[in-house]
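# my questions are about this predicted structure, shown below with the sequence.
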Amino acid sequence: MKYFKSILILLLVFFGVHAFSQSRSELEKRKAQLNKDIEMTNNILNKTAKDKKVTLKQLNLLRAQIRLKEEKINTINSEIRLLDGQINENVNQVRSLQSQLAQLKSDYAAMIRFAQKNQGSYSKLMYIFAAKDFNQAYKRMKYLQQFGEYRQKQARYIEDTQSSIKGKISQLNRNKLDKDHLLNDQEKEKTTLGSAQDKQAKAVNSLTSQEKKLKQDLAKKQRDAQQLDRAIRQAIAKEIEIARIKAEEEARIAAAKAKAAGKEAPAAKTGSVLNTTPEAAKLSADFVSNRGRLPWPVANGVVTQFAGRQKIGVNVVVDNTGWIIKTNPGSSVRSVFEGQVTTVIDIVGSTVVIVKHGEFFTAYKNLASVNVSKGQKVSTKQSLGTADGQAEIEFHIYKSREEQDPKYWLAPN
């Protein structure tokens, strides 16, 4: 029974460490990505540091950097909580193993004392020959044999338990060292976060002092964005209309064939006209099943503007429908899912590619070059083109005519 308890404790230790390492691994992976993103924003900001004129793009980068640093601090806090839990668990396991070791040693000492009292061959023979009959003598002989084997097993249990205690103490020390490193990293990030927040406050003040000029610039950008949005929606509406005409034609032909054969006309298909074919319906279903897991349109990038309203200072508000993702100039812009290119247009100084995924559409703006053409089928992560010199990709998702927020569709970066 005691041996079974030892094995049970060792199994619990193994599975507990395995589960901990999985969670820790995920947090370490996320922290590594955050470090990468923070470094990218630092590099971009350093390139513009000489420019004394503060721009909205600089402010957006600072805000993105602050968000990333806050997330990194939260990730470190999660790691520390995991380590605290593991440290407490290791301490309890060491105490439990030490208690069990003490009991094993006590039992083993009792066996040694018994063996010393009966260590002579004569004593063992007398113990056997004192039996009432042959059956009892045989049992006594087997008992002495098993007693010797049990002593050897107990000695091995003691060695195994001592080894486990040593391993747990070593792991406990590593956990404490890891925690110290995390606390140092956390303090460093808090300091740099404060510096970034100060820069952001100065940038907001600078932009607020230029409120009139800023509003004019934003008004022009808003007009360009609206013009682009109309172009995208018109392109989508055209695809829907083409699909509707095709569906009606197919329904008319099917009804004529049924009438000629003296049969009842097939029931009209319900749902989106974009899903009338089995292939389109499957593509739509697959797109939906990957909600929250779609790859990003760029391999490396930081969101500088999310969908929704963004306030700058007191009186200036920016409205975004999609995401603006800062990447590196010349980076490949990728399709987030398999589909078919429906549109490649140049409008308001920007090249846009639209890809249809059943009843869903994705739009990619600010491409310097394009690798695909209208009607071409593309696969997930296939390059559509490259980012322009500004390296700010604008990304949109639509379900038919209804725009979607990318945060519900794209996988965590």
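Perfect, I can see it now. Numbering: from 1, shown residues only.
# how about Met40, what does it touch?
Asn300, Val302, Lys326, Asn328 (Cβ atoms under 8 Å, 6 or more residues apart in numbering). The C-beta positions use only the backbone N, C-alpha and C, and glycine is treated the same way.
# element containing it?
Under the criterion of DSSP states H and E, Met40 resides in helix 2-47.
# buried subset of the contacts of Met40, written for PyMOL?
This is the PyMOL syntax for the buried subset of the contacts of Met40, where burial follows 16 or more other Cβ atoms under 10 Å:
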select buried, resi 302+326
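# in helices only, show me the contacts of Met40.
Among the contacts of Met40, no member is found in helices (DSSP state H).
# what lies in contact with the longest strand belonging to the chain?
The longest strand of the chain (DSSP state E) is strand 360-370. For strand 360-370, the surrounding residues in contact (Cβ under 8 Å, 6+ apart) are 228, 232, 236, 239, 284, 287, 297, 322, 329-330, 333, 335-337, 339, 342, 344, 350-355, 384-390, 392-400.
# output it as CSV, nothing but the C-alphas.
What follows is strand 360-370 as a C-alpha-only set of coordinates in CSV (Å, rounded to 0.1, in the frame of the first residue of the first chain):
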residue,chain,number,x,y,z
PHE,A,360,-17.7,36.1,-47.6
PHE,A,361,-15.3,38.7,-49.0
THR,A,362,-11.9,40.0,-47.8
ALA,A,363,-10.4,43.2,-49.0
TYR,A,364,-6.7,44.2,-48.9
LYS,A,365,-5.7,47.8,-49.4
ASN,A,366,-2.4,49.6,-49.9
LEU,A,367,-0.6,47.2,-52.1
ALA,A,368,2.5,48.3,-54.0
SER,A,369,2.4,45.4,-56.4
VAL,A,370,-0.1,42.7,-57.1
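# so Ile397 sits in a strand?
Yes - assessed with DSSP: H, G, I helix; E, B strand; the rest coil, Ile397 lies in a strand.
# tally up the residues packed near it, please.
24 (other Cβ atoms under 10 Å).
# pretty sure Gln404 is one of the things it touches, is it not?
Yes - taking contacts as Cβ atoms under 8 Å, Ile397 lies within contact range of Gln404: 4.2 Å.
# quick one: contacts for the residue nearest to Lys31 when sequence neighbours are not counted?
Spatial nearest neighbour of Lys31, chain neighbours left out: Thr75 (5.0 Å); criterion: Cβ to Cβ, 6 or more residues apart in numbering. When contacts are counted by Cβ under 8 Å, 6+ apart, Thr75 touches Leu27, Arg30, Lys31, Leu34.
# pick the one among these closest to Ser106.
In terms of Cβ to Cβ, no member of the contacts of Thr75 lies closer to Ser106 than Leu27, at 42.6 Å.
# element containing the closest residue in space to the closest one that isn't next to it in sequence, please.
Nearest non-adjacent residue to Leu27, counting by Cβ to Cβ, 6+ apart: Glu79, 5.0 Å away. Glu79 belongs to helix 56-117 when assigned by DSSP H and E.
# any idea of the mean pLDDT for that helix?
Averaged across helix 56-117, pLDDT comes to 75.
# likewise stretch 324-331?
Rounded mean pLDDT across stretch 324-331 is 90.
# and that stretch, end to end?
From its first residue to its last, stretch 324-331 covers 15 Å (Cα to Cα, to the nearest Å).
# quickly list what Ile325 is bridged to.
Val303, Ile393 (DSSP bridges).
# show me what contacts it?
Ile325 neighbours (Cβ under 8 Å, 6+ apart): Trp296, Pro297, Val298, Gly301, Val302, Val303, Thr304, Glu392, Ile393, Glu394, Phe395.
# the helix or strand containing Lys238 vs strand 360-370, what angle?
According to DSSP H and E, Lys238 maps onto helix 211-260. Helix 211-260 and strand 360-370 are oriented at 120 degrees to each other (axes from the mean of the first three to the mean of the last three Cα atoms, to 10 degrees).
# so what secondary structure elements neighbour helix 211-260?
Identification of packing neighbours for helix 211-260 by 3 or more Cβ pairs under 8 Å, 6 or more residues apart in numbering; DSSP states H and E yields helix 56-117, strand 316-320, strand 339-347, strand 350-357, strand 360-370, strand 392-399.
# and whichever helix or strand comes after the fifth one, average pLDDT?
Toward the C-terminus, strand 360-370 is succeeded by strand 377-378 as the next helix or strand (DSSP H and E). pLDDT averaged over strand 377-378 equals 96, rounded to a whole number.
# good, wrapping up.
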